[in-house]
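**Student:** Sharing a model that was predicted from the sequence below.
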Amino acid sequence: MTELPKSTGEPAHQNVTFPSGGTTAHGYLALPPAGSGPGVIVIQEWWGLTDHIADVADRLAAEGFVALAPDLYGGNVAHEDAEALRMMQALPVGRGVELLSGAVDHLLSLPEVTSETVGAVGFCMGGGFVLYLAAADPRVSAAVPFYGVIQGELPDFSGLRAEILGHYGELDESIPAEHLDALRETVREQSGITPDLRMYPAGHAFFNDGRPVHDPESAALAWQRTVPFLHERLG
């Protein structure tokens, strides 16, 4: 397994362990008030399993979902861009998908989960992993990438079973509009599914309310679209 650079500062937000990818994985699990509901995987930004990602899981739980945020960095949290970039680059895409599929295994094994498939919601690096995971794992039936960053070539979407609702910022220079056009066309050609990629008058990471780039209006609208999409696809 690839060793990730160690980080200093506050630890990742964890409360569960489970087997995944031949190792013991950690994550954050949030249960809905009713105690059970459809399952959703929440995939971290390049910073790690931060309080913000745990808060997203809590918000999904409040909407009736069983939300699991797996820790892809093994407890490490980045606090500077360069550190986050090193950690992201130290995690091969294939290994990340393997760990995420293990998290899907665990989520679907929980008695609290009422759905036979899962949703996947992710941000930045995690938004890219939403697409990689949905392409590789047909148990994902609802994919919600927030400004998903694809590292390298687009995956093979021929096995995709998930509907895709994407949220992207018009002012996000890291994801040009032509990249989204290519993504939309590739997914449609390979799977027959046309992604619904929504644009917002905001920059990258506009949903993260812990950072100065947060755009409250765009974030609220994206959330209002995400919750019913997940309920419709997962039951």
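**Tutor:** Great, that's in hand.
**Student:** Only C-alpha atoms from now on, for both contacts and neighbour counts.
**Tutor:** OK.
**Student:** Can you give me the distance of the residue most central in space within the chain to Pro111?
**Tutor:** For the chain, the residue nearest the mean C-alpha position is Gly122 (2.0 Å; CA atoms, centre = their mean). To Pro111, Gly122 is 24 Å away according to CA to CA, to the nearest Å.
**Student:** Show residues contacting stretch 47-57.
**Tutor:** 12-14, 27-30, 42-45, 67-73, 75-79, 84, 208-210 (CA atoms under 8 Å, 6 or more residues apart in numbering).
**Student:** if you set the cut-off to 7 Å instead, what comes out?
**Tutor:** Here stretch 47-57 makes contact (CA atoms under 7 Å, 6 or more residues apart in numbering) with 12-13, 28, 30, 42, 44, 67-69, 71, 73, 76-79, 84, 210.
**Student:** And the biggest helix by length in the chain, what's buried?
**Tutor:** For the chain, the longest helix by residue count, based on DSSP state H, is helix 216-234. By 16 or more other CA atoms under 10 Å, the buried positions in helix 216-234 come out as Ser218, Ala219, Ala222, Trp223, Thr226, Phe229, Leu230, His231, Arg233, Leu234.
**Student:** In a markdown table: the residues you listed, plus distance to Leu183.
**Tutor:** Formatted as a markdown table, those follow (distance: CA to CA, whole Å):
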| residue | distance to Leu183 |
| --- | --- |
| Ser218 | 22 |
| Ala219 | 22 |
| Ala222 | 19 |
| Trp223 | 22 |
| Thr226 | 20 |
| Phe229 | 20 |
| Leu230 | 21 |
| His231 | 25 |
| Arg233 | 21 |
| Leu234 | 24 |
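**Student:** from those, which is closest to Leu107?
**Tutor:** Distances from Leu107 to the buried residues of helix 216-234, taken as CA to CA, are shortest for Leu234 (13.6 Å).
**Student:** Please narrow the contacts of stretch 47-57 to those residing in strands.
**Tutor:** Tyr28, Ala30, Val42, Ala67, Leu68, Ala69 (DSSP state E).
**Student:** Name all residues that make contact with the second one.
**Tutor:** Spelled out, that is Ala30. Residues near Ala30 by CA under 7 Å, 6+ apart: Ala57, Asp58, Ala61, Val66, Ala67, Leu68.
**Student:** what do you get for the third one?
**Tutor:** By CA under 7 Å, 6+ apart, the contact list for Val42 reads Ala57, Ala67, Leu68, Ala69, Ala120, Val121, Gly122.
**Student:** mind redoing it with 10 Å?
**Tutor:** Counting by CA atoms under 10 Å, 6 or more residues apart in numbering, Val42 touches 27-29, 49, 53-54, 56-57, 60, 67-71, 100, 103, 119-123, 126-127, 130, 144.
**Student:** Which strand residues bridge the closest residue to it other than its chain neighbours?
**Tutor:** Nearest non-adjacent residue to Val42, counting by CA to CA, 6 or more residues apart in numbering: Ala69, 4.5 Å away. Here Ala69 sits in beta bridges with Tyr28, going by DSSP bridges.
**Student:** Ala69: neighbouring residues, count only.
**Tutor:** The tally of other residues near Ala69 (other CA atoms under 10 Å) stands at 30.
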